[in-house]
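Participant: Can you look at this prediction? I've put the sequence above it.
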Amino acid sequence: MAFSTLQDKLGLSSRAADIDRQLDDAVAESFPASDPVSLAQPHDPAEVGVRSSASLTNWLLVGGGLLAVIALIALRR
């Protein structure tokens, strides 16, 4: 960025480069308010409609129940 500033002061920059630099500066000044990714993606899980996953206790109960069923099937033979 310092090199382009030096070129501007000396009058050596081209018109296209000057316009590109001005556009880059305008975008940099408006960041992140104009960040389309930040605006488009919800940050709250309630906005997405995603329910929270089952708790650890629920998983342990289901796993224990499955182990009990497997043990009963294995012992019946």
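Facilitator: Okay, I see it. Since we're looking at a predicted model, the values are computed, not measured. Residues are numbered from 1 along each chain as shown.
Participant: what about the lengthiest helix in the chain, average pLDDT?
Facilitator: Longest helix in the chain, counting residues (DSSP state H): helix 56-76. Mean pLDDT, computed over helix 56-76, is 92.
Participant: Which pLDDT value belongs to V48?
Facilitator: Listed pLDDT for V48 reads 64.
Participant: For the remainder of this discussion, apply numbering that starts at 577.
Facilitator: Sounds good: first residue 577 from here, last item V624.
Participant: ok so, going back, which residues sit against the longest helix of the chain?
Facilitator: For helix 632-652, there are no surrounding residues in contact (C-beta atoms under 8 Å, 6 or more residues apart in numbering). Bear in mind the C-beta positions are built from the backbone N, C-alpha and C, glycine included.
Participant: And the strands in this protein?
Facilitator: Taking DSSP state E to define them, one finds no strands in the chain.
Participant: And the helices in it, which stretches?
Facilitator: Using DSSP H, helices in the chain cover 578-586, 591-606, 612-616, 621-624, 632-652.
Participant: Return the set of buried residues in the last one.
Facilitator: If I follow you right, that is helix 632-652. Within helix 632-652, no residue counts as buried by 16 or more other C-beta atoms under 10 Å.
Participant: With just CA atoms, put that helix into CSV.
Facilitator: The C-alpha trace of helix 632-652 is given here as CSV (Å, rounded to 0.1, in the frame of the first residue of the first chain):
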residue,chain,number,x,y,z
LEU,A,632,-25.3,-37.3,26.6
THR,A,633,-27.7,-38.8,29.1
ASN,A,634,-30.1,-39.8,26.3
TRP,A,635,-27.3,-41.4,24.3
LEU,A,636,-26.1,-43.4,27.3
LEU,A,637,-29.6,-44.6,28.0
VAL,A,638,-30.1,-45.7,24.4
GLY,A,639,-26.7,-47.4,24.3
GLY,A,640,-27.3,-49.2,27.6
GLY,A,641,-30.7,-50.4,26.4
LEU,A,642,-29.1,-51.7,23.2
LEU,A,643,-26.4,-53.5,25.2
ALA,A,644,-29.1,-55.1,27.4
VAL,A,645,-31.0,-56.3,24.4
ILE,A,646,-27.9,-57.8,22.8
ALA,A,647,-27.0,-59.5,26.1
LEU,A,648,-30.5,-61.0,26.4
ILE,A,649,-30.3,-62.3,22.8
ALA,A,650,-26.9,-63.8,23.4
LEU,A,651,-27.8,-65.5,26.7
ARG,A,652,-31.0,-67.0,25.4
